[in-house]
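Engineer: Just need the structure, nothing else, for what follows:
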Amino acid sequence: MGERWGACEPDGSIAVHWALMQLPPALVDLVLVHELTHLTVPAHGTAFRRRMRLVLEDLEELEHRFAQAEPEPWRGAV
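Structural biologist: Have a look, this model is predicted:
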């Protein structure tokens, strides 16, 4: 996964970086909702954010918390 936290493939499969489990549950939810949203909305535009807010009403707060926490988890080889 490299620097990516998650990925949604054209066939509908979703992969997440193993290091995600080091983050608080709310931030794990953010990444999972982000990838699940890509199943119906491919781009990161207005429709994408609107769809994410249906599940995560505090989307902006979670994104801010994620930006602060994102550099901390260890992503080295397991």
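
Engineer: Check whether residue 19 sits in a helix, strand or coil.
Structural biologist: On the three-state scheme (DSSP: H, G, I helix; E, B strand; the rest coil), residue 19 is labelled helix.

Engineer: Can you give me the neighbour number for it?
Structural biologist: 15 (other C-beta atoms under 10 Å). For every residue, glycine as well, the C-beta is placed using N, CA and C.

Engineer: Retrieve the pLDDT associated with it.
Structural biologist: pLDDT recorded at residue 19 is 92.

Engineer: which residues sit in contact with it?
Structural biologist: 5, 73, 74, 75 (C-beta atoms under 8 Å, 6 or more residues apart in numbering).

Engineer: TSV for these, including neighbour count and secondary structure?
Structural biologist: TSV is the format used below for those (neighbours: other C-beta atoms under 10 Å; DSSP: H, G, I helix; E, B strand; the rest coil):
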residue	neighbour count	secondary structure
5	22	coil
73	16	coil
74	7	coil
75	15	coil
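
Engineer: And the furthest pair within those residues?
Structural biologist: Of all pairs drawn from the contacts of residue 19, the greatest distance, 13.6 Å, lies between 5 and 74 (C-beta to C-beta).

Engineer: dump the residue contacts of residue 3.
Structural biologist: With C-beta under 8 Å, 6+ apart, residue 3 has these contacts: residue 75.

Engineer: and it, how far is that from residue 25?
Structural biologist: Separation of residue 3 from residue 25 (C-beta to C-beta, to the nearest Å) stands at 22 Å.

Engineer: Residue 45 too?
Structural biologist: Distance from residue 45 to residue 25, by C-beta to C-beta: 27 Å.

Engineer: just residue 12 next, same as before
Structural biologist: Residue 12 is 24 Å from residue 25, by C-beta to C-beta.

Engineer: buried sites along the worst-scoring helix or strand of the chain on mean pLDDT?
Structural biologist: One helix or strand of the chain scores below all others by mean pLDDT, DSSP states H and E: strand 6-8, with a mean of 93. Using 16 or more other C-beta atoms under 10 Å as the test for burial, strand 6-8 gives 6, 8.
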